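**Q** After the sequence you'll find the predicted model.
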Amino acid sequence: MPESLAITKFSDLANPTRFLGLAARILPWMAGITAILFALGLYLTFSSEGDYQQGMTVRIMYVHVPAAWLSMMCYSVMAVSAIGTLVWRHPLADVSHKTAAPIGAAFTLIALATGSLWGKPMWGTWWVWDARLTSVFVLFLMYLGLIALNRAMDDPGKAARVSAVLILVGFVNIPIIKFSVDWWNTLHQPASVIRVDGPTIDKEFLWPLLIMAIAFTLLFFTLHIAAMRNEIWRRRVSAQRRMAARMAGQTPAKEA
């Protein structure tokens, strides 16, 4: 019974009208919780002491790390949505991966920019072509390519299928980004939060980082749901305009 209920709820969300109703109910709450978490995270960020080696530049971490995490998580959401497009033909799957691409590109750009700002005082250079930075830059180009593809193709259905295939092919880059510091010798430090033996970062820095990570994650889902809602409305308006244009073109023939 619980399994069938879950399937029913999933099928209900395939209805764009039901999704719009759900989005209208949860978006104000999500936006409010996100704002509260950002306020708390920023307070802890600016009230924490600087690192003994990095000084106050360590505060860049509270933006850079969540943005880097979301750059990969967003693409993972797109990959799941791509499977929904190709396998289950879920009506909202293509809406999901289309609207997630610009958000993922923005987070990836923030990760690259803040990483560069952090790298200059720590490494003595703005940029190095090591495995982690290069693979993240490739991810940014992939986002831009998917955005361009969706805008270049007039047929939404064909664009969704082509984009879904490219998303799944490009997903190979995500584990490369994640494990690049373990597979190759890079300047980028290895994981210090999600580890088998526990975090190696001090609690003074860990708690603000975790709160900012949760805030950024909720920000992504808030923006994503809002973007999906706007895309559904845009498609409905476009469909109505096409229908009106067809009816206007048929009217003279009927009168004649």
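**A** Looks like it came in fine.
**Q** Let me know the helix or strand that Met30 is in.
**A** helix 16-47 (DSSP states H and E).
**Q** got the buried residues for that helix?
**A** 16, 19, 23, 27, 30, 34, 37-38, 40-42, 44-45 (16 or more other C-beta atoms under 10 Å). The C-beta positions use only the backbone N, C-alpha and C, and glycine is treated the same way.
**Q** Can you give the distance from it to the centre of its chain?
**A** Here helix 16-47 is found 15 Å from its chain centre; the criterion is C-alpha atoms, centre = their mean, to the nearest Å.
**Q** So which other helices or strands are in contact with that helix?
**A** Here helix 16-47 touches helix 2-13, helix 203-255, going by 3 or more C-beta pairs under 8 Å, 6 or more residues apart in numbering; DSSP states H and E.
**Q** and that helix, what's its mean pLDDT?
**A** The average pLDDT for helix 16-47 rounds to 93.
**Q** In which helix or strand does the closest residue to Ala160 other than its chain neighbours reside?
**A** Ranked by C-beta to C-beta, 6 or more residues apart in numbering and with sequence neighbours excluded, the top spatial neighbour of Ala160 is Asp94, at 3.3 Å. Using DSSP H and E, Asp94 maps to helix 93-123.
**Q** and if you look at Trp126?
**A** Using DSSP H and E, no helix or strand contains Trp126.
**Q** On the pLDDT front, check it for me.
**A** At Trp126, the model reports a pLDDT of 83.
**Q** that older thread, please look at the residue nearest to Ala160 and Ser163 and confirm they touch.
**A** Yes. Contact between Asp94 and Ser163 holds when scored by C-beta atoms under 8 Å: they sit 7.5 Å apart.
**Q** what helices or strands is the helix or strand just after the helix holding Asp94 leaning on?
**A** Next along the chain after helix 93-123, taking DSSP H and E as the criterion, comes helix 131-152. Other helices and strands packing on helix 131-152, by 3+ C-beta pairs under 8 Å, 6+ apart, are helix 61-83, helix 93-123, helix 156-170, helix 173-183.
**Q** which helices and strands sit right next to the second one?
**A** Meaning helix 93-123. Packing contacts for helix 93-123, counted by 3+ C-beta pairs under 8 Å, 6+ apart, involve helix 61-83, helix 131-152, helix 156-170, helix 203-255.
**Q** I'd like these written out as TSV, with mean pLDDT added.
**A** Shown next, in TSV, are the helices and strands packed on helix 93-123 (pLDDT from 0 to 100):
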stretch	mean pLDDT
helix 61-83	94
helix 131-152	93
helix 156-170	92
helix 203-255	85
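**Q** Count the neighbours of Leu92 for me.
**A** Neighbour count for Leu92, taken as other C-beta atoms under 10 Å: 19.
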